[in-house]
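Asks: Got a sequence here, can you model it:
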Amino acid sequence: MMQKAMGKTSCFAAIILLITAGLAAEVCAEAVDDGREKSAAQQYFDAVAPEDHERFIKYHLDKGLEQRIPNYVSTTPDDFDFVPFQEIVQQPENFSINLLNHFESVFGLRDRDVYNYVKHNVVCTPEGLCFNPGDVGTICCPF
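Replies: Just a heads-up that it's a prediction; the model follows:
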């Protein structure tokens, strides 16, 4: 029974990874195909070292929750820093809340689900399917 549940979870993680990779590829292809520049949000994300992408997303999701939920206090220090990978890019206005909205929309999550991801490193859909948090790095940032 446990193997069957693990198999479903692994399968779901693979599906999510393929979907998000496909979405990322589609967004990138659209930007290249029609000559549009990357969004300010994508440029901001791209300026972060790849090894910091997951921490970067968690940081901004936590800040988004802080902006949305009354009395919520972010668990991440304000001076949390990332290793710049490319030139320094200024944070776009409303980046954290826009990322939170986008993340919830893409994965079908609620604020509580995002909190569990930020706090406990667990990503589960409302249907109870969980997947590897490392897979979320491909969701950023078409907004």
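
Asks: Let me see the contact set for residue 74.
Replies: Residue 74 is in contact with 62, 63, 65, 66, counting by C-beta atoms under 8 Å, 6 or more residues apart in numbering. Where C-beta positions appear, they are placed from N, C-alpha and C, glycine not excepted.

Asks: now with 7 Å?
Replies: 62, 63, 66 (C-beta atoms under 7 Å, 6 or more residues apart in numbering).

Asks: Check it and give its pLDDT.
Replies: Here the pLDDT value assigned to residue 74 is 83.

Asks: That one looks like it's in a helix, true?
Replies: No: counting by DSSP: H, G, I helix; E, B strand; the rest coil, residue 74 is not found in a helix; it is coil.

Asks: How much space separates it from residue 50?
Replies: Per C-beta to C-beta, to the nearest Å, residue 74 is found 24 Å from residue 50.

Asks: Skipping adjacent residues, who's closest to residue 64 in space?
Replies: residue 100 (3.0 Å; C-beta to C-beta, 6 or more residues apart in numbering).

Asks: backbone phi and psi for that neighbour, please?
Replies: phi -60, psi -50 (degrees, to the nearest 10).

Asks: Spit out the contact partners of it.
Replies: Per C-beta under 7 Å, 6+ apart, neighbours of residue 100: 61, 64, 65, 68, 114.

Asks: again with residue 111
Replies: 65, 68, 69.

Asks: ok, and the most crowded of those residues?
Replies: The most crowded member of the contacts of residue 111, judged by other C-beta atoms under 10 Å, is residue 65 (22 neighbours).

Asks: Which helix or which strand is home to that one?
Replies: helix 53-68 (DSSP states H and E).

Asks: those helices in the protein, which residues are they?
Replies: 2-33, 40-46, 53-68, 95-107, 111-120 (DSSP state H).

Asks: lowest-confidence stretch among the ones you listed?
Replies: helix 2-33 (a mean of 46).

Asks: farthest pair in the contacts of residue 100?
Replies: 61 and 68 (10.4 Å; C-beta to C-beta).

Asks: Distance-wise, check residue 117 relative to residue 65.
Replies: 10 Å.

Asks: now for stretch 107-125, what's the gap between its first and last residues?
Replies: Taking C-alpha to C-alpha, to the nearest Å, stretch 107-125 runs 7 Å from one end to the other.
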